[in-house]
Each structure stands twice: as C-alpha cells, then as structure tokens.
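A.B. asks: I would like the atomic coordinates for the input below:
(chains A, B, C and D)
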Number of protein chains: 2
Amino acid sequence: MSPAVGPRPVTIELNAVLVALIGEEPQVLTLQDGALLPSGPFEGDHPTLQTGLRAWVERQTHHPLGYVEQLYTFADRSRAEATTGRRIVSISYLGLTRERVAAGKREPGWQSFYRYFPWEDWRTGPSKLLAHTILPRLGKWSDEAREPAIKRERRQRVAVTFDDSAWNEELVLQRYELLYEAGLVPEAGRPKRPVGDPVPGEPMSYDHRRILATGIARLRAKIKYRPVVFELMPPDFTLGQLQRAVEALAGRRLHKQNFRRLVEQQGLVEETGALTAETGGRPAKLYRFRREILLERAVAGTKLPLARSA
Amino acid sequence: MSPAVGPRPVTIELNAVLVALIGEEPQVLTLQDGALLPSGPFEGDHPTLQTGLRAWVERQTHHPLGYVEQLYTFADRSRAEATTGRRIVSISYLGLTRERVAAGKREPGWQSFYRYFPWEDWRTGPSKLLAHTILPRLGKWSDEAREPAIKRERRQRVAVTFDDSAWNEELVLQRYELLYEAGLVPEAGRPKRPVGDPVPGEPMSYDHRRILATGIARLRAKIKYRPVVFELMPPDFTLGQLQRAVEALAGRRLHKQNFRRLVEQQGLVEETGALTAETGGRPAKLYRFRREILLERAVAGTKLPLARSA
DNA sequence: CCTGTTATACTCAGAGTGAGCATAATAGGA
DNA sequence: TCCTATTATGCTCACTCTGAGTATAACAGG
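C.D. replies: Residues are numbered from 1 along each chain as shown, chains lettered A, B, ... in the order given. Below is the predicted model of the structure:
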C-alpha cells in the first residue's frame, strides 16, 4: 500500500460546467450544437488541476472565471476506452462567469439549463410536463416491478425525488438518475436501457448530461449558503434582478419581500446610491455586492444543539 | 476540445480516510505508525472507482464499509513525481465503518483525530492550546506582514477561522491551511515554508494530514444534514451514546435535552423496548436507527424564501 | 438513606420564517 | 388629467424552531 506506480495507461480529462446568466436565463456553455460540455486534456505543465482548468477555459472563452469548484471524478466510463484501451479519468468542474453580451444577442454555444432538464423549471408554476407525462410514466415503471418490495421501493423513491407538494430543487441529479433507471432518458456510453419514447429534454453525448445535472444540483445547493450568485451578476443590480437570478438558478419563484429582507439583513449588498428606471415600474435602487463579507464571515450552517454558548 | 488522448503518463492513486468510533474517540485508520493514510493504486479491472475502493478496503481491513463518499481529487503534488516522472493523480475518499473491537483493546493503526489536530477538540471546553499557543503565534504572523493591507487580511482570516467566541467546527481544513501558510505546521512534499517550532499535533507524510483535514471537515458538515452518524454506531444504542458520538466527531459539547428533542422529533430512531443499566446512572432506553427514514425523506436544507407553498 | 450520576419530561423566551397588507413611484393609455 | 398596470419598498403578524433552563426519575455505592 505504498504510493503506487500503476500498471495501466491512464488519460486525465477535464470537463467544465460553465454557467452564465444571459437575459435572466441560466445558461451553460456547450459545443457541438449543445451535445457536449467543453472538455480537454489536463496538460501536465500546470502546477494544479484548477490552474490548468482556468487557463484552458480562459483561453477558450476569452473571459475570466469568477468562481471554480471541483464537482466529481469519474472513472467508470466506457467511452473511448474500448477503442484506445486507455483508462479515462474525467474530473469535472463547475465554473461561474459573468454575462458579457447584450441580453438580446444570442451567444453561440450557450444553452439554457432547461433545454436539458425542462422538468426542473418551476418558475411559472408546477411543471405540467411532470404532472402530465413524467409522473404517470414513473408510476407505470414502479408498477412494472415484479417483486412487491421493489415496487414499494420504486414508488417511494419517485415520491421523495419528484414530490410536487414538497419539491426539492436540489435533487436534480437524483431525478435524472431515476429517469435513467426507468428508461425514460437515453444516455450514450452506459449499459443500455430499454429506452422507449424518451421524455422531453435534450440528450447530450457521453455522460455529459449527467455531469451537467451534477453541476446544477451543486449550484442550487450552494446559492443557499454561499454568496455565489454575485459571480453571475453585473457589478450593479437591483434587488429585483438579483431575485430573478436566484429564481432562474433554483427554478422556482421566491417571495419578494422576504427575499429582500434576507439579502439586506445578511449584509450581502450595499446601495450604490443610484436609481434605475428600467425596471418597468417604480424606479429601483441599485446595489452592489459587499465583497468584504467574504472576509467577515465564514460559512453559516449549524444544526447541532450546542451547549453553553459562553 | 475533443476527448483527449493525453501526452503524459499518469498514475491513479486512491486514498482513504477511514473513520470509526472506538471507545467514544473518533479514529482514523493509518499505516506506518500513524504517518500515512491507507492508499493504493486503482486497479483497472474494477468498473468504477468506488467499487475499486470498497473491494480494496474490505480486503485490507476484513470489514465492510458502511458509507463511502468521494472527497477530492488532487494532481498538484510533487511527491513521487520527481523520481518517477509520472504524474500522480490522487483521488481521496471518506469511508465510515462500524467499531468492531472491545473498547478497551487498542487496535493497531487506528489513531484519534485529535492526535493530528489537537486544537479541534473542544469537548472539554475552549481549547487551551489555542489560547495559549496558536492564537498568539498567528497574531505574530499577522503582524509580520509588511503591507498594511496584507496585515489586515491576515488578521481577518485568523479571526474568522479561529474565532473562539463563534467557533465553527467545520473549518478544519481552512484552519489547517492557515497554520500551514503561517509556517506553524510542517508538510512534506510541498514548497518549503520556514517552519520554526511547529505547533503541537502530529504531522503525516506527503499531504495526508491535509486529506485527513478534508475528511474530518466533510464529516462534521455532513452529520448536520444527513444521518451518517449511525454508520458508526452499533445496532442498538442509547441516546447518550449517540450524543457522545456526535460530540466526538464535532469536537464540541451539545445540550443534552435539545439533542434528544432533535433526534426524536426527526423520527431518526425507534425504541427497541429494552433498557440498559450500563450507563452509570438511571437505566437508559435502547434505540435503533430507523433505516426507513432514508427512503421517506430526501435531504433537508432550504434557505430560500419560497413563494406560494400551496 | 444519602449522594452522585445519568436519563427523561416539560417550559419559556427570543429569533427566524412564511405570508400577506399597505404604500410609493414610475409609464402608458383612456 | 386621471386611471391602471407594474414594479419597488416598508411593515406586521402568527407560527415554528432553537437555546437554555428547571424539575423529576431511576439506578449504584457508600
């Protein structure tokens, strides 16, 4: 069990889920007409994985990456292995970048999250696609199970991940995997499933749609306890814009007044002093992110009933 | 940007942070008299990384792994690279396993968390090591900075991560990294720092102490929103034992009555019906983990002010 | 039967959160 | 000019959650 000198050739590949908000839609950078996430080899002359990724992305997009976070490392993929004989290890990252085009102009390569996961967008109310198509078909899948135990387990998993009365927007990956298991979405490069009529939502090549699901899920979880939305916002913004940004990522509507209360009382923003009348109604105050907050506080998050708080 | 066939030889290595509770101490499995985490090559004949890790750990420890989670993938390490010329990518995992020895007998290889991070143990009150040794030296390090801006930034980072009036037990890694930056802990295989008199706490070889810090941090965060403690508990336990387990991991004391309330009202446990008198005082009811809960509910966690929850 | 120890039940105040009412300030059209 | 629609902003209220503590129960050992 000493440090190993491995027996089999291996290739390292980096995958990036690059997110930007373009015109209040959450978008991800793709290649090949939306079928691929950007990916490339890890070049050994970079000191770390993260600097390698940054350099490579910034060279490709001519744009600085605001925030980068490692998502997951997969090695369980057939992919090119069959042909080359090499083991491919793929390390995926989530990166956030600021919008840089006019909201009107359509950037090539950027695609909405919800092109791939239409059932994840609840901003206009409970997803009709879910109620009319997905849930019935998942119900059928559950009923198809022969053993009662498996049937019960399937039903329960569907209920937990897709329950529309207690929708949990973080379960993007679990929902995708359940749909995959049920044969409702296709996925290349994995053990074949009997996919009949796939559910709406674009597929991607290889496991890139799964990686995207992982990235969206991580991002949806993260915005709740770290101020990462601001990496996607312009320097100045109104609270309404900020709210619509969060709504776009989370895929659901928020209570306006309570959202303001939360943002303000946490000291995340400060007024610039200016107003903007471009919002359609009463002019709104402009705010900017208080970067100092990153130094002032660490993460939040406690759920332990602590004793003697001094 | 097509899937890559890399130019440089690479070796994949797996590292495991294997945790067990032995006699109410949180312990990690080590080799070489505590200097190494178990690590080994990823053998290409396993379909996935996780199954590879499981098989390998269970072969080494003759013991099933209850819970496994990927921690992080590093490639930024000099290590054996200098000698072999190969790039080493190390994928680390956190694994939880059940105690299997009598509390008295000392298992070889298992070491307490707090042998490596003594300042992380607040179970007997605020760490004296912190107040008497670490904080003064970190203060000195801050003051050494020439530029006022850097001085201020150092002070603020120390305040956020080490603040003993609002101790955040999750910041294990941030604290370790700060100590490393300040030259207060040694670390092999990294750019040398002028380490004078190191702060108490055992070092490890390579970057294993850093990986351990990552694992402890992840575990401390996880116990707050997922019922993973039970992976470390015997089948039947009292609420007092459960509390001391959580305290051991979190490194701090909890309010007993509120801890019970939390555990009970979340439906995490059920009474077995039996009592045990081995706790020293009034006999305690025995409980067991309600595995069904894993199917009944997904994660918790919302901090968004949702609209119309109808 | 007193003392120390752990277990268990219950209460209470304050903070945080979901939900909604009310008002302000703009644009555009009747 | 004055409605109306729209967005922004301020404030209240009830309910739940959580920290903190009081009180009582049930054992062991001297």
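A.B. asks: First-to-last residue distance for stretch A:166-174?
C.D. replies: Stretch A:166-174 has its terminal residues 15 Å apart, counting by C-alpha to C-alpha, to the nearest Å.
A.B. asks: does chain B sit close to that stretch?
C.D. replies: Yes - judged by C-beta under 8 Å from any C-beta of the partner chain, stretch A:166-174 comes into contact with chain B at A:168, A:170-171, A:174. Placement of C-beta: from N, CA and C, glycine included.
A.B. asks: How about stretch A:34-41?
C.D. replies: Yes - judged by C-beta under 8 Å from any C-beta, stretch A:34-41 comes into contact with chain B through A:36, A:38-41.
A.B. asks: As a check, name the ranges of all strands in chain A.
C.D. replies: Counting by DSSP state E, chain A has these strands, from start to end: A:10-22, A:25-29, A:39-41, A:67-74, A:87-96, A:110-112, A:236-237, A:269-276, A:284-289.
A.B. asks: Please spell out which residues along stretch A:146-158 are buried.
C.D. replies: A:154-155, A:157-158 (16 or more other C-beta atoms under 10 Å in any protein chain shown).
A.B. asks: And the helices in chain A, which stretches?
C.D. replies: Taking DSSP state H as the test, the helices found in chain A are A:49-61, A:81-84, A:113-116, A:128-129, A:135-144, A:148-162, A:172-181, A:208-222, A:239-250, A:256-265, A:293-296.
A.B. asks: would CSV of the residues of stretch A:166-174 next to chain B with pLDDT be doable?
C.D. replies: Shown next, in CSV, are those (pLDDT from 0 to 100):
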residue, pLDDT
A:168, 90
A:170, 92
A:171, 94
A:174, 95
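A.B. asks: which of the residues you listed has the most neighbours?
C.D. replies: The member of the residues of stretch A:166-174 next to chain B surrounded by the most neighbours (other C-beta atoms under 10 Å in any protein chain shown) is residue A:171, with 22 neighbours in all.
A.B. asks: which residue does the stretch 201-310 of chain A bring closest to DNA strand D?
C.D. replies: Using C-beta to the nearest atom of the strand, the single residue of the stretch 201-310 of chain A nearest to DNA strand D is residue A:281, 2.2 Å away.
A.B. asks: what about that residue, neighbour count?
C.D. replies: 7.
A.B. asks: separation between residue A:153 and DNA strand C?
C.D. replies: 30 Å (C-beta to the nearest atom of the strand, to the nearest Å).
A.B. asks: wait, isn't that residue in contact with residue B:295?
C.D. replies: Yes - here residue A:153 reaches residue B:295: they are 6.9 Å apart, a contact under C-beta atoms under 8 Å.
A.B. asks: just checking, residue A:36 touches residue A:28?
C.D. replies: No - between residue A:36 and residue A:28 there is no contact under C-beta under 8 Å: 11.0 Å.
A.B. asks: of these two, who's got more company?
C.D. replies: residue A:28 (24 against 17).
A.B. asks: Model confidence at the more buried one, what's the number?
C.D. replies: What the model reports as pLDDT for residue A:28 is 95.
A.B. asks: Okay, now the unreliable bits of the stretch 201-310 of chain A?
C.D. replies: A:298-310 (pLDDT under 70).
A.B. asks: Right, I'll leave it there.
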